[in-house]
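Q: coords below, sequence missing:
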């Protein structure tokens, strides 16, 4: 007797139907959701791991990064005055933020209007920024703001996730060669870095606290940022790395009122900082 296969019916042919556009969209959505989740988790991981980098490792990283800026800076009376002002602000920091720290300013004679917090306890101040300032109080607020970035370790986060992960790995492995490689990438990353609005507001809060502690009032706290707000769109580098001057002025004014700070007479720029 010959066996014959039964004819295929429609239900058999539809057991593996083609994937519909709707299914493809669902799969794509799930994939993008996973990618977004991974990126978010990486960011959260970096924000927590950045506190695990020891001060000494950060200083080692600074020894490798800072020379690139030291070659641009010049030891001038202007740099000495800025370091004296920084020292007055530093004395107002909590003890734990001064331990194992040696903050200093490098003054770069360039028309760039910017200031940077660099690993290794160094604040880069460009001549263009000093030229924009109209009082000592304004410069104190800028320096205090940069000290705020150090306190919150924003200067390390600015290196970027990839570079920071490499720095953390080198830290735990004790690999100096890897740190040197990180430093080369770090100089480029710092020049392109910018801070979030929340990071800026936190740094402003510390700058305001230090300004009031040094002068006994908050005069000059908003003057520099208010002037920058009026120059939006002028290509000033400070606006690229330190965004939202308008929001920051409003926040600072609210803080001054909430804290009951007075707004006293501002101090003129020291002669060595006046063109």
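A: Cool, the structure landed. The structure presented is a predicted model; accordingly, all values stated were derived computationally and were not measured.
Q: which strands and helices sit next to whichever strand or helix holds residue 69?
A: If you go by DSSP states H and E, residue 69 is part of helix 67-70. When contacts are defined as 3 or more CB pairs under 8 Å, 6 or more residues apart in numbering; DSSP states H and E, helix 67-70 packs onto strand 104-108. Where C-beta positions appear, they are placed from N, C-alpha and C, glycine not excepted.
Q: in a strand, that's where residue 117 is, yeah?
A: Yes: using DSSP: H, G, I helix; E, B strand; the rest coil, the assignment for residue 117 is a strand.
Q: any idea how far residue 123 is from it?
A: The span separating residue 117 from residue 123 equals 6 Å under the rule CB to CB, to the nearest Å.
Q: shared neighbours, the two?
A: Each of 146-147 lies in contact with both residue 117 and residue 123 under the rule CB atoms under 8 Å, 6 or more residues apart in numbering.
Q: those two - which one has more neighbours?
A: residue 117 (27 against 24; other CB atoms under 10 Å).
Q: residue 84 versus the more buried one, what's the distance?
A: From residue 117 to residue 84 the distance is 19 Å (CB to CB).
Q: shaky segments in this structure?
A: Residues of the chain meeting the criterion pLDDT under 70: 1-21, 23-24, 31, 33-48, 160-189, 191-193, 232-243, 275.
Q: which parts of the stretch 151-275 of the chain are helices?
A: With DSSP state H, counting those that start in this stretch as the definition, the stretch 151-275 of the chain shows helices at residue ranges 154-157, 161-173, 176-192, 197-215, 223-230, 237-241, 245-259.
Q: neighbouring contacts of the fourth one?
A: Right, the one you point to is helix 197-215. Residues external to helix 197-215 that are found in contact with it (CB under 8 Å, 6+ apart): 88-89, 92-93, 137, 140-149, 151-152, 154, 157, 195, 218, 220-221, 242-244, 247-248, 251-252, 255-256, 259, 261, 264, 267.
Q: for ChimeraX, what selects the buried ones among these?
A: Typed into ChimeraX, the line below selects the buried ones among the contacts of helix 197-215, using 16 or more other CB atoms under 10 Å:
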select :89,92,93,137,140,141,142,143,144,145,146,147,148,149,151,152,154,157,195,218,220,221,242,243,244,248,251,252,255,256,261,267
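Q: what's around the closest residue to residue 89 other than its chain neighbours, how many residues?
A: With sequence-adjacent residues excluded and distances taken as CB to CB, 6 or more residues apart in numbering, residue 89 is closest to residue 210, at 4.7 Å. By other CB under 10 Å, the residues close to residue 210 number 23.
Q: can you list the buried residues in whichever strand or helix holds residue 88?
A: Assigned by DSSP H and E, residue 88 belongs to helix 77-90. Neighbour-count burial for helix 77-90, counted by 16+ other CB under 10 Å, picks out 78-79, 81-83, 85-86, 89-90.
Q: a markdown table please, covering those residues and showing distance to residue 97.
A: Formatted as a markdown table, the buried residues of helix 77-90 follow (distance: CB to CB, whole Å):
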| residue | distance to residue 97 |
| --- | --- |
| 78 | 26 |
| 79 | 23 |
| 81 | 23 |
| 82 | 20 |
| 83 | 18 |
| 85 | 17 |
| 86 | 13 |
| 89 | 11 |
| 90 | 9 |
